[in-house]
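1. Sequence unavailable; structure follows:
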């Protein structure tokens with residue numbers, strides 16, 4: 001196997017890198033995988049445009065980075081490939097898709113589980129002509145840009161992550177929501193974590209899912225969490241991606257947040273947005 005001839009360019013000052021000239025349907029050398037992994041750990045997301053992948057090729061590429069998770073909420077699974085999480089506004093059996101409005105807040109995937117996802121690979125198969133963007137934030141910088149006294153206060157603190165706080169549960173019938181919540185009880189994770197590959201430290205929290213800082217009153221906790229999210233998601237710390245069909249973005253859930261914008265009419269049949277996502281198994285976050 002020979003290395004592919006590609007270049008790497010930053011997507012913004014704060015977040016992301018694009019691999020130009022790489023074909024993910026072709027075999028990749030171990031050195032290519034190492035380069036992608038190292039770039040991901042440093043830049044939080046990597047982008048590959050112009051891909052033409054079958055579901056199995058998407059799965060095979062993703063598996064080069066670790067064991068693939070089966071999403072705990074089975075309503076989201078691809079019918080033929082359970083490794084694929086379906087993010088789509090296309091009707092299912094004549095009914096609106098359960099995933100047409102997922103991700104409408106700042107979060108990292110599966111943060112509400114004991115072992116949150118290492119990373120996610122989202123592949124755009126169909127996108128609307130306008131809208132459907134995703135915004136990403138760098139959580140290394142979210143920590144670095146806090147004042148030293150504030151960072152010192154957060155050292156050693158843990159926060160509760162709770163799937164029942166998901167706004168998307170309101171769109172489902174109560175029985176389905178209760179079944180989904182029962183699968184993932186609340187967990188505690190450190191507020192400041194160390195990335196196992198880069199060795200850098202970052203904040204680890206999500207909007208809505210992270211509901212309380214252990215040991216603080218509800219009022220204190222809400223004020224701190226609101227400030228941390230606001231600082232993390234400042235425009236200077238963001239990259240906004242305008243999707244094209246054939247784009248694949250690999251994001252690192254250990255050092256980044258993302259937000260799927262509600263910037264198009266998901267119920268208009270002309271605005272088809274259909275994506276496949278694989279999720280890589282992670283480890284319990286460590287301080």
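-> Ah, there it is. None of the values given here were measured: they were computed from a predicted structure.

2. so how many other residues sit close to residue 257?
-> Taking other CB atoms under 10 Å as the criterion, the count of residues near residue 257 is 30. Quick note: C-beta positions are derived from backbone N, CA and C, even for glycine.

3. show me what contacts it?
-> Contacts for residue 257 were tallied using CB atoms under 8 Å, 6 or more residues apart in numbering; they are 106, 107, 108, 136, 137, 139, 206, 207, 232, 233.

4. Show only the entries of those residues found in strands.
-> Judged by DSSP state E, the contacts of residue 257 include 136, 137 as members of strands.

5. Distance-wise, check the residue nearest to residue 47 when sequence neighbours are not counted relative to residue 43.
-> Excluding its sequence neighbours, the residue lying closest to residue 47 (CB to CB, 6 or more residues apart in numbering) is residue 18, at 4.4 Å. Per CB to CB, to the nearest Å, residue 18 is found 10 Å from residue 43.

6. The two: which has the busier surroundings?
-> Ranked by neighbour count (other CB under 10 Å), residue 18 and residue 43 place residue 43 first, with 27 against 21.

7. Number of residues surrounding the closest residue to that one other than its chain neighbours?
-> Excluding the flanking residues, the one nearest residue 43 by CB to CB, 6+ apart is residue 17, at 4.4 Å. The tally of other residues near residue 17 (other CB under 10 Å) stands at 20.

8. ok, residue 17 - contacts?
-> Neighbours of residue 17 in contact, by CB under 8 Å, 6+ apart: 8, 9, 10, 11, 39, 43, 45, 46, 47.

9. Which strand or helix spans the residue nearest to residue 47?
-> Using DSSP states H and E, residue 18 maps to strand 17-20.

10. distance of the residue lying closest to residue 254 once chain neighbours are set aside from residue 143?
-> Once flanking residues are discounted, residue 254 sits nearest to residue 195: 5.5 Å by CB to CB, 6+ apart. Residue 195 sits 11 Å away from residue 143, going by CB to CB.

11. Then residue 103?
-> To residue 143, residue 103 is 23 Å away according to CB to CB.

12. Looking at these two, which is more packed in?
-> More crowded of residue 103 and residue 143, by other CB under 10 Å: residue 143, with 23 against 17.

13. check contacts around the more buried one.
-> 151, 192, 201, 202, 203.

14. looking at it, the third one is touching residue 140, isn't it?
-> This means residue 201. Yes - Residue 201 lies in contact with residue 140 (CB atoms under 8 Å); the separation is 7.4 Å.

15. Overlap of the contact sets of the two?
-> Common neighbours of residue 201 and residue 140, using CB under 8 Å, 6+ apart, are residue 195.

16. neighbour count winner among those two?
-> Neighbours were counted for residue 201 and for residue 140 using other CB under 10 Å; residue 140 has more, 22 against 18.

17. Show the low-confidence segments of this protein, by residue range.
-> Residue ranges of the chain with pLDDT under 70: 1-3, 72-75, 168-178, 180.

18. That one: helices as residue ranges?
-> 30-43, 55-63, 139-144, 148-154, 174-183, 218-232 (DSSP state H).

19. Looking at the contacts of residue 257, spot the one nearest residue 52.
-> Of all those, residue 136 has the smallest distance to residue 52: 23.8 Å, by CB to CB.

20. What residues are bridge-paired with that closest one?
-> Counting by DSSP bridges, residue 136 is bridged to residue 239, residue 258.

21. now residue 46
-> Beta-bridge partners for residue 46, by DSSP bridges, are residue 17, residue 250.

22. ok, it - how many residues close by?
-> Counted with other CB under 10 Å, the neighbours of residue 46 add up to 26.

23. contacting residues around residue 131?
-> Residue 131 is in contact with 261, 263, 264, 271, counting by CB under 8 Å, 6+ apart.

24. doesn't residue 243 make contact with residue 49?
-> No - at 9.9 Å, residue 49 does not count as touching residue 243 under the criterion of CB under 8 Å.

25. List buried residues within the contacts of residue 17.
-> Among these, those classed as buried by 16 or more other CB atoms under 10 Å are 11, 39, 43, 45, 46, 47.

26. residues contacting the fourth one?
-> Just to be clear, that refers to residue 45. Applying CB under 8 Å, 6+ apart to residue 45 gives the contacts 11, 15, 16, 17, 136, 239, 249, 250, 251, 252, 256.

27. And stretch 111-127, how far out from the chain middle?
-> Mean-position distance between stretch 111-127 and its chain equals 5 Å (CA atoms, centre = their mean, to the nearest Å).
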